[in-house]
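any chance you can model this:
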Amino acid sequence: MSVLTLADAERACSAAQAKAKELGVSLSYAVVDAGGRLVLAKRGDGSPFLTVEWAQAKAVAAAAFGVPTRTVETWKADDPYFWHTATAATRTPMLPSEGAYPLRKDGVLVGAIACSGAAAGIDHQCAQAGAETLS
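Below you'll find the model as predicted:
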């Protein structure tokens, strides 16, 4: 059975941080397991207020649905009420906003990584870089 380890989370986060450095931005990062539980969170130097919390909520959304939040974000317009009720029902913040990517090991969903603090497309690129370390 594939599981997300702390070493996996650290490796994914390091790759995301390297991509952010390459792009010249400071971000916050969150990695959650397949159940949406926090495994790792980091706040980059100078990252804006609330970016760790937003990253965690993005990661939960990517883990819950097994797709990048770039995809999830398109669903938001179709049913905005769902996002209010899902967060209330699960008591877990989920943010359908670009910047998170599912993590898979041996084809099995084991969690998600998210980045927050820059433009949505940059957050997405950095999360994708992190996710690719486990693929």
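
select the longest strand from this protein.
If you go by DSSP state E, the chain has its longest strand at strand 108-116.

list the buried ones in that one?
Neighbour counts over strand 108-116 (16 or more other CB atoms under 10 Å) mark 109, 110, 111, 112, 113, 114, 115, 116 as buried. All C-beta atoms are positioned from the backbone trio N, CA, C, and that covers glycine.

setting aside sequence neighbours, what's the nearest residue to residue 51?
residue 28 (3.7 Å; CB to CB, 6 or more residues apart in numbering).

so what does the one you found have for phi and psi?
The phi/psi pair for residue 28 (degrees, to the nearest 10) reads phi -110, psi 150.

helices along this protein, start to end?
Along the chain, counting by DSSP state H, helices occupy 6-23, 51-65, 69-78, 80-90, 120-131.

list the contacts of the residue nearest to residue 108 when sequence neighbours are not counted.
For residue 108, ignoring the flanking residues on the chain, the nearest one in space by CB to CB, 6+ apart is residue 2 at 4.1 Å. Counting by CB atoms under 8 Å, 6 or more residues apart in numbering, residue 2 touches 105, 106, 108, 110.

center of this structure, which residue is that?
The chain has residue 114 as the residue nearest its centroid, 2.1 Å off, counting by CA atoms, centre = their mean.

got the buried residues for the helix or strand bottoming out on mean pLDDT in the chain?
The helix or strand with the lowest mean pLDDT-type score in the chain, counting by mean pLDDT, DSSP states H and E, is helix 80-90 (a mean of 74). By 16+ other CB under 10 Å, the buried positions in helix 80-90 come out as 83, 86, 87.
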